[in-house]
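Peer 1: turn this into a structure:
(one chain, ligands or ions: 1)
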Amino acid sequence: MSAVCAPTTRRLLRLALAGPPAAMQRHHSLDVSAPLLRTQGYVDGRWVSAASAFPVLDPATGQEIARVADCGPAEAKRAVDAAYEAFHSWKRFTAKERSVLLRKWFDLMTLHKEDLAKLITFECGKPMSESLGEVAYSASFLEWFSEEARRVYGDIVPSPARDRRILLLKQPVGVSSIITPWNFPSAMITRKVGAALAAGCTVVVKPAEDTPLSALALAELADQAGIPAGVFNVVPCSREKTPSVGEVLCTDPLVAKISFTGSTATGKVLLKLAADTVKKASMELGGHAPFIVFDSADVDKAVGGAMASKFRNSGQTCVCSNRFLVQSGIHDRFVEKLGRAMDAELRLGHGSEPDTTQGPLINARAAEKVVHQISDAVSRGATVLKGGRRRDGSFMEPTLLTDVTTDMLCTREETFGPLLPVIRFDSEDEALAIANASNVGLAGYLYSQDTSQIWRVAEALEVGMVGVNEALLSAAEGAFGGVKQSGLGREGSKCGIEEYLEVKYMCLGGLQV
Ligand code: NAD
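Peer 2: Now for the predicted structure:
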């Protein structure tokens, strides 16, 4: 099972969706040991300040939890230069030496998991149980790539000429710019950086403006682990400074590669910036996952999967199911059991409260988007079975809609919130046509007990990842990534490190053999 998402929804909670979220009533303070609460940028192994600072807010309360150095293009350039300088020595470290350092970094993350989880909960809003899951998942990439570092093999290929030998060498790409989103403030960094450092690349990380603290805590632990200066750099910045910092990271000639996780719209902007200097690019972009329940499915497993896939991080994950396609014969039983599970298991509140399963959305704009999708669906004939309303701040009630049709906004664009729309279908062909009618294709899920159907549908779904009778598919060992406009490349698995390697063909000639 993925460590990101211990099935909190199943394990935890009771309680209804009534009353104001506890987060708005009690005082919550971030209590983290000093060295991990870093507020300066980290460049060339040193903590650096900037001309100004920007606030980091607890999305549950709106309270400021820290002020962080607002790095600009000058700091970004210094970080790129430092990474370039460090690349010359880091690539000469043996694979085993790099492996040992990554493993130390992993051990330190594990040692400090409670503090790292608190940072995630306070800057991103997710419940502590999920934050602990994210820390374990995040650390698992350092562990995995510490192992993969030693298995970067080239090839010796039979030559067509007697006096020649053909070798394919694997070499690190170079300085890599890493730009990450707020919804997994730790794991989206290590999933890239673990692979990059293992391959011998150096990095400059620009974390999301909402969640810089987790990135800076990772820098502190990288320092403690002995990762050399300049190998891992972090330049936090505000939303205002983001375009100018992004421009340096995507256009500087010393940068060889960009790796981005975030929205498809931003990904396209960064790809255009990187095109002028023909940088390599990895893109992990938005999704619009179908979750298909066929008549033969085990309804309880399908309901459990739907709960875990939809309500984790309050619906703010790129692999969250966005459209629930349920076959006519099982539709009513599925909807009835799902409604009961929502009543029994979901509880809104501050992520640090022990029984919270549903934190806030990242900001008010995110909540407004969900409200807009609900009112659009209702105006076109959908029925609200559960929830439907926005609460104080950016809290949103988990919402169940039925009688949903494919003309509704919620079936056409990514929601990124706790809205579960159910579309009824009759035939497998109809379900596949609806599922594939999207210009993105990240994850897809299907519940069926018919083996032939499982193969047919899994092969026909236009997505990069398929969960079959399983809703939690993230793991360091699996290949994470999408097709269509969901992105380019894969992270994790044996594929992840390839994204940071070049193949050099070497031909040895004139041999007297
Ligand atoms: P976003 O695109 O708004 O922001 C992502 C990052 O890009 C942030 O660090 C942001 O500051 C930065 N950014 C924005 N404009 C930039 C610019 N001009 N130059 C440089 N950097 C810039 O996305 P978000 O709202 O933070 O995240 C949500 C999106 O991410 C969703 O669409 C979700 O599906 C996607 N996502 C995808 C994956 C995946 O692996 N495929 C994982 C998590 C999230």
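Peer 1: and stretch 275-283, what's buried?
Peer 2: The neighbour-count check on stretch 275-283 (16 or more other CB atoms under 10 Å) flags 279-283 as buried. Every C-beta, even on glycine, is put in place using the N, C-alpha and C of the backbone.
Peer 1: ugh, typo on my part, it should be stretch 456-464
Peer 2: 457, 461-464.
Peer 1: got it, and stretch 129-148?
Peer 2: So for stretch 129-148, counting by 16+ other CB under 10 Å, buried means 129-146, 148.
Peer 1: how about stretch 218-237?
Peer 2: Here stretch 218-237 shows 218-223, 225, 227-237 as buried, counting by 16+ other CB under 10 Å.
Peer 1: give me the average confidence score over that stretch.
Peer 2: Model confidence over stretch 218-237, given as mean pLDDT, is 98.
Peer 1: hmm, it touching the ligand?
Peer 2: No: residues of stretch 218-237 contacting the ligand under CB under 6 Å from any ligand atom: none, with a closest distance of 7.8 Å.
Peer 1: would you put the C-alpha positions of that stretch in CSV?
Peer 2: Extracted in CSV, the C-alpha atoms of stretch 218-237 (Å, rounded to 0.1, in the frame of the first residue of the first chain):
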residue,chain,number,x,y,z
LEU,A,218,14.6,19.0,3.7
ALA,A,219,17.6,21.3,3.1
GLU,A,220,18.4,21.3,6.8
LEU,A,221,18.5,17.5,6.8
ALA,A,222,20.5,17.4,3.5
ASP,A,223,23.0,19.6,5.3
GLN,A,224,23.1,17.3,8.4
ALA,A,225,23.4,14.3,6.1
GLY,A,226,26.6,15.7,4.6
ILE,A,227,25.2,16.4,1.1
PRO,A,228,28.0,18.7,-0.3
ALA,A,229,27.4,22.5,-0.7
GLY,A,230,25.7,23.4,-4.0
VAL,A,231,24.3,20.0,-4.7
PHE,A,232,20.9,20.7,-3.2
ASN,A,233,19.7,24.4,-3.3
VAL,A,234,16.3,25.8,-2.3
VAL,A,235,15.0,29.2,-3.4
PRO,A,236,11.6,30.0,-1.9
CYS,A,237,9.7,32.9,-3.3
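Peer 1: list the contacts for whatever residue of the chain ends up closest to the ligand?
Peer 2: Relative to the ligand, the nearest point of the chain is Gly246 (2.1 Å; CB to the nearest ligand atom). Residues in contact with Gly246 (CB atoms under 8 Å, 6 or more residues apart in numbering) are 179, 206, 269-270, 273.
Peer 1: that one and Tyr42, how far apart?
Peer 2: 18 Å (CB to CB, to the nearest Å).
Peer 1: quick one, strands of the stretch 1-150 of the chain?
Peer 2: Secondary structure of the stretch 1-150 of the chain (DSSP state E, counting those that start in this stretch): strands at 41-43, 46-48, 53-57, 64-69.
Peer 1: just the stretch 201-350 of the chain next, same as before
Peer 2: Under DSSP E, counting those that start in this stretch, the stretch 201-350 of the chain gives strands at 203-206, 232-234, 255-261, 280-284, 289-293, 321-327.
Peer 1: same question for the fourth one, mean pLDDT?
Peer 2: The pLDDT scores in strand 280-284 average 98.
Peer 1: quick check, that strand touching the ligand?
Peer 2: Yes: using CB under 6 Å from any ligand atom, strand 280-284 reaches the ligand at Glu284.
Peer 1: how about the residues of the stretch 401-513 of the chain by the ligand?
Peer 2: Counting by CB under 6 Å from any ligand atom, the stretch 401-513 of the chain sits next to the ligand at 414, 416, 442, 482, 487.
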